[in-house]
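> generate coordinates for the sequence data below:
(one chain, ligands or ions: 1)
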Amino acid sequence: MCGIVGAVAQRNIVPVLIEGLRRLEYRGYDSCGVAVLANGEPQRARSVARVADLDEQVRESHLEGTTGIAHTRWATHGAPVTDNAHPIFSSNALALVHNGIIENYETLRETLRGKGYEFVSQTDTEVIAHLVHSLYQGDLFAAVRAAVKQLHGAYAIAVLHKDQPHTVVGARQGSPLVVGLGQGENFLAS
Ligand code: GLU
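This next block holds a predicted model:
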């Protein structure tokens with residue numbers, strides 16, 4: 001179980017998210033990533049190297065945005081490869097980071113496959129992303145609230161959706177997640 005940082009601000013928040021990950025590095029991790037809303041879509045960078053490498057990637061690709069989430073991963077389901085690194089996307093609309101374990105992910109995955117969702121990672125996390133996406137009807141908070149009712153296990157999550165560009169929703173059960181209220185900007189961190 002590693003680290004999560006999230007932010008909604010009025011400035012480019014990527015350097016703050018990366019700095020947040022740097023401060024969580026001491027916990028150990030095998031991969032890391034960051035996603036922001038840019039040009040109306042979630043865009044991400046992921047690395048199986050260090051946060052310094054992720055930092056280089058975001059600088060080179062000019063990944064910038066005012067709403068974002070970031071993650072350091074300690075793999076429990078699926079190898080520490082880029083495809084399994086968070087943020088995990090659903091339908092290019094939603095990005096999600098997760099610390100913890102979803103015990104009933106296999107059952108949820110079968111149900112979501114039945115609804116047409118394709119799984120591109122080996123993580124338990126991907127079921128949460130597709131579940132929230134499947135329940136989204138214009139209110140991300142409501143969708144997350146409905147989704148967590150179906151999750152068994154320990155988790156902290158942070159989610160953003162392209163149709164709610166100034167919102168990051170967090171939820172937790174048995175894993176830490178705190179909210180930081182700033183002036184004109186708010187944060188989430190594990
Ligand atoms: N279970 C998730 C995974 O394997 C999250 C691991 C973590 O807490 O970093 O991707």
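> which parts of the helix or strand hosting residue 110 are buried?
Per DSSP states H and E, residue 110 falls inside helix 105-114. By neighbour count on 16 or more other Cβ atoms under 10 Å, the buried set for helix 105-114 is 105, 108-109, 112. The way it works is simple: take the backbone N, C-alpha and C, and place the C-beta from them, glycine included.
> what does this structure have sitting close to the ligand?
Within the chain, the positions adjacent to the ligand are 1-2, 73-78, 84, 98-101, 123-125 by Cβ under 6 Å from any ligand atom.
> so among the residues you listed, which ones count as buried?
Buried by 16+ other Cβ under 10 Å: 1-2, 73, 75, 78, 84, 98-101, 123-125, out of those.
> and the residues you listed, which of them are in helices?
Judged by DSSP state H, helices contain the following of those: residue 125.
> what stretches of this structure score poorly on pLDDT?
By pLDDT under 70, the low-scoring segments of the chain are 1.
> thinking again about what came up before, which one of the buried residues of helix 105-114 is nearest to residue 151?
Checking the buried residues of helix 105-114 against residue 151 by Cβ to Cβ gives residue 108 as the nearest, at 7.9 Å.
> how far is the host helix or strand of residue 96 from where the chain is centred?
According to DSSP H and E, residue 96 maps onto strand 94-102. Strand 94-102 sits 6 Å away from the centroid of its parent chain (Cα atoms, centre = their mean, to the nearest Å).
> and that strand, what does it pack against?
strand 3-8, strand 31-38, strand 41-47, strand 67-73, strand 88-90, helix 125-135, strand 153-161 (3 or more Cβ pairs under 8 Å, 6 or more residues apart in numbering; DSSP states H and E).
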